[in-house]
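[1] The sequence and its predicted three-dimensional model are supplied below.
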Amino acid sequence: MRLSRLALVFVSTLSATIGAASAQPLMPHRAVYDLALLETSDETDIDGLTGRWVFEFSGSDCEGYTLKSRIVMRFETAEGPNLVDQQVTSFESSDSKTLRFVTKSFVDEQPENEVRGTAKLDANNTIVSYEQPEATEKKFAPTLFPTAQLRELLEKAQAGQRFYETAIFDGTEFADQAVQVSIVVGDPKAVEGDDPERKALGSLAEDKFRPVTAAYFNGTEDDEEKGEETSDYNVSFKLHEGGVQRDMVIRYAEYSMTAKLVDLTVFDPQPCEPEEKN
């Protein structure tokens, strides 16, 4: 259940090499989504899916950004219902070079998995120091953390770039490498009067959005050598200025689901404290 990554695209997005002062402002907010099953394949025994996703993004370019996400889903299967609960908390430094993360997963209210640690960027590497599920260190090529990824997406969309590829790490999984993402960005569109999410958008309903599709690849180097290009999953959504995302469709191999915005609270940006003079 990799939904936590969506909010950033999904949370998120300026390259770590771009200074915070030049980045497009991000919008601190709390969004609530209703989840529902869209379709299934013949290979799955899922008969139904309902749920709710609460996503909160706060902070500033001065102090860094905090992301909190909780997704609760109820799956109906031939063998009975299953309740899946994923809770994610992360903090990304203002320069996007440090990410602290905790992801906890529960199935039927019983702990299933915990991923905890700290990731840091230097000139040549991403270094991830895991505390859970085991104490170990992973090292791979430089990547983007969630807030940096969101800034990157907004910057490229504003510049008119319609397709690009990037690599992300968000700490939601015990991983040996970053996830590769291919992103397609459409032209700006107005929110239609009969859009079912218009009421939840509030004042943002008067702004334009861009349709975005992101395909996520967790493949290995062996997959690349074999020329295998099938994504593990992909997400389509509508992106508003400041990073608010809505009307999502998440497609896995065996099923797909929707995430519809039902409530949105926009927070006032946190002002930067003036530096003390000696």
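    Right, received. Where do you want to start? Numbers count the residues shown, from 1 in each chain.
[2] From here on, just use CA atoms for contacts and neighbour counts.
    Noted.
[3] where along the stretch 51-200 of the chain do the helices fall?
    Secondary structure of the stretch 51-200 of the chain (DSSP state H, counting those that start in this stretch): helices located at 146-158, 198-201.
[4] CA-only coordinates of the first one in CSV, if you can.
    This means helix 146-158. The C-alpha coordinates for helix 146-158 follow below in CSV (Å, rounded to 0.1, in the frame of the first residue of the first chain):
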residue,chain,number,x,y,z
PRO,A,146,9.3,14.4,-0.8
THR,A,147,9.2,18.2,-0.5
ALA,A,148,12.1,18.6,-3.0
GLN,A,149,10.1,16.3,-5.4
LEU,A,150,7.0,18.4,-5.1
ARG,A,151,8.8,21.6,-5.8
GLU,A,152,10.4,20.0,-8.8
LEU,A,153,7.0,19.0,-10.2
LEU,A,154,5.6,22.5,-9.7
GLU,A,155,8.7,24.2,-11.2
LYS,A,156,8.7,22.0,-14.3
ALA,A,157,4.9,22.3,-14.8
GLN,A,158,5.2,26.1,-14.5
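[5] Which strands or helices does it pack on?
    Packed against helix 146-158, as judged by 3 or more C-alpha pairs under 8 Å, 6 or more residues apart in numbering; DSSP states H and E, are no other helices or strands.
[6] quick one: average pLDDT of it?
    Helix 146-158 carries an average pLDDT of 86.
[7] From the chain's centroid, how far away is it?
    Centroid separation between helix 146-158 and its chain, computed with C-alpha atoms, centre = their mean, to the nearest Å, is 12 Å.
[8] again with stretch 76-88
    21 Å.
[9] which other residues reach it?
    For stretch 76-88, contacts defined as C-alpha atoms under 8 Å, 6 or more residues apart in numbering pick out 4, 45-49, 67-75, 101-109, 172.
[10] What residues sit buried inside that stretch?
    Within stretch 76-88, the residues that count as buried by 16 or more other C-alpha atoms under 10 Å are 76, 83, 84, 85, 86, 87, 88.
[11] same deal with stretch 192-200?
    For stretch 192-200, by 16+ other C-alpha under 10 Å, it's 197, 198, 199, 200.
[12] Quick one: end-to-end distance for that stretch.
    13 Å (C-alpha to C-alpha, to the nearest Å).
[13] what's in contact with that stretch?
    191, 205, 247, 260, 261, 262, 263, 264.
[14] So which of these sit within helices?
    Among those, no member is found in helices (DSSP state H).
[15] Tell me the predicted confidence for residue 2.
    Here the pLDDT value assigned to residue 2 is 45.
[16] what is the rounded mean pLDDT of the host helix or strand of residue 215?
    Residue 215 is part of strand 209-217 when elements are defined by DSSP states H and E. Here strand 209-217 scores 92 as its mean pLDDT.
[17] okay, the angle between it and helix 146-158?
    Here the directions of strand 209-217 and helix 146-158 differ by 130 degrees (axes from the mean of the first three to the mean of the last three C-alpha atoms, to 10 degrees).
[18] Tell me which other helices or strands strand 209-217 touches.
    The contact analysis (3+ C-alpha pairs under 8 Å, 6+ apart) places strand 209-217 against strand 179-185, strand 233-240.
[19] pLDDT and distance to residue 183 added to the contacts of stretch 192-200, as TSV?
    Formatted as TSV, the contacts of stretch 192-200 follow (pLDDT from 0 to 100; distance: C-alpha to C-alpha, whole Å):
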residue	pLDDT	distance to residue 183
191	96	22
205	95	24
247	96	17
260	97	21
261	97	22
262	98	25
263	97	26
264	96	25
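[20] Since that was my last question, I'll sign off now.
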